[in-house]
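> let me see the structure of the following:
(one chain, ligands or ions: 1)
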Amino acid sequence: MELLEAMQKRKCVRQFNGEIPGKDEIEAILEAACLAPAVFTTKGVHISVITDKKLLGDLDAAAVRKFGKTLESMGVTNTLYDAPVYILFSGRLVEELPPGYEFLKPENMHRNVYWAMGSVLQNMQLRATSLGVSSCLVNTVVVTLFDEPELAKRAGIPQGYSPLCSMVLGKSDFKYERRAPKKEHYQISYI
Ligand SMILES: Cc1cc2nc3c(=O)[nH]c(=O)nc-3n(C[C@H](O)[C@H](O)[C@H](O)COP(=O)(O)O)c2cc1C
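Residues are numbered from 1 along each chain as shown. Got it, this is the predicted structure:
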C-alpha cells in the first residue's frame, strides 16, 4: 500500500473480530514505531506489548470506573474494545532539567516527549493499516494508570516512568475506504 493510501484509509477502529494479529505483524508495527523521529528525551521509552487477557480486562475495568459517566454519554461501554493486543508506551517525564537546559521549564521537556510519541503512534497506525491490522489510539487507560500504581506495575511500566500513550491492535471486518482530509480542523496562513 502506498503511503498516501495508508494515510487516507487510516482510521481508529473499535470493533475487533477476535482474530489475533501475527507476531510478524506486531513486530512490523513496532519497527514502524522505531522509525519515528527520536530525540534524547525519549531515549529509554518502554513499550509494553500486552496480550494477557486478565490484565487487559483489569486495565479496561479501571478505565471504565474512572471514565464511567463520560463513556456512558458517548454510548461506549469499554475502553480497550476487546482488542487482543494493547501497546502501552511509558517514559521518564523529568522533574528537574538536565545540565545545560536550565533555561527551559520541565513542561517543555514533557511536550517534547509527547510530540515524539505522536509521530510514533502515527507511524504505527499507518503500518498497521497497510498490513490489514486495525487499531485505535487509547488515552483513557493512560490517564487511569497515573492513579493506579499497582496496575501500572503489572502493565510493565518501569519504576519512575509515567504512562505516555497507547493503542490497541487487532483484526476487524471493518471496510477501509479512502477518506478526504479534514481541512476544516485547520487554519493555514501562508506568510
Ligand atoms: C490524543 C488522542 C487520544 C485519543 N484517545 C482515544 C481514546 O481514549 N479512546 C478512543 O476510543 N479513541 C481515542 N482517540 C481516537 C480519536 O477518537 C479519533 O482519532 C478521532 O475520533 C478521529 O477518528 P480517526 O482517527 O478514525 O480519524 C484518541 C485520539 C487522539 C489523537
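> check contacts around the spatially most central residue of the chain.
For the chain, residue 166 is the residue whose C-alpha lies nearest the centre (Cα atoms, centre = their mean; 2.5 Å). By Cβ atoms under 8 Å, 6 or more residues apart in numbering, residue 166 lies in contact with 86-89, 137-139, 141-142. C-betas here are computed from N, CA, C, even on glycine.
> again, 6 Å this time
By Cβ atoms under 6 Å, 6 or more residues apart in numbering, the contact set of residue 166 is 88, 138, 141-142.
> what secondary structure does residue 135 sit in?
strand (DSSP: H, G, I helix; E, B strand; the rest coil).
> and the strands in this structure?
Secondary structure of the chain (DSSP state E): strands at 46-50, 85-91, 134-137, 162-170.
> the longest one pairs with which strands, parallel or anti?
The partner list of strand 162-170 in its sheet, established with DSSP bridges, is strand 85-91 (antiparallel), strand 134-137 (antiparallel).
> the inter-axis angle of the first one versus strand 46-50?
This means strand 85-91. Taking axes from the mean of the first three to the mean of the last three Cα atoms, to 10 degrees, one finds strand 85-91 and strand 46-50 inclined to each other by 160 degrees.
> what sits up against strand 85-91?
Identification of contacts with strand 85-91 by Cβ under 6 Å, 6+ apart yields 45-51, 56, 80, 113, 155, 157, 161, 163-169.
> hmm, try it at 7 Å
Counting contacts by Cβ atoms under 7 Å, 6 or more residues apart in numbering, the residues outside strand 85-91 that touch it are 21, 26, 42, 44-51, 56, 59, 80, 113, 117, 120, 155, 157-158, 161-170.
> alpha carbons of that strand, as PDB, please.
Written as PDB, here are the backbone C-alpha positions of strand 85-91 (Å, rounded to 0.1, in the frame of the first residue of the first chain):
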ATOM      1  CA  VAL A  85      -3.300  -6.600  21.800                       C
ATOM      2  CA  TYR A  86      -2.600  -3.500  23.800                       C
ATOM      3  CA  ILE A  87       0.600  -1.500  23.300                       C
ATOM      4  CA  LEU A  88       1.500   0.900  26.000                       C
ATOM      5  CA  PHE A  89       4.300   3.400  26.000                       C
ATOM      6  CA  SER A  90       5.900   4.800  29.200                       C
ATOM      7  CA  GLY A  91       8.800   7.000  29.800                       C
END
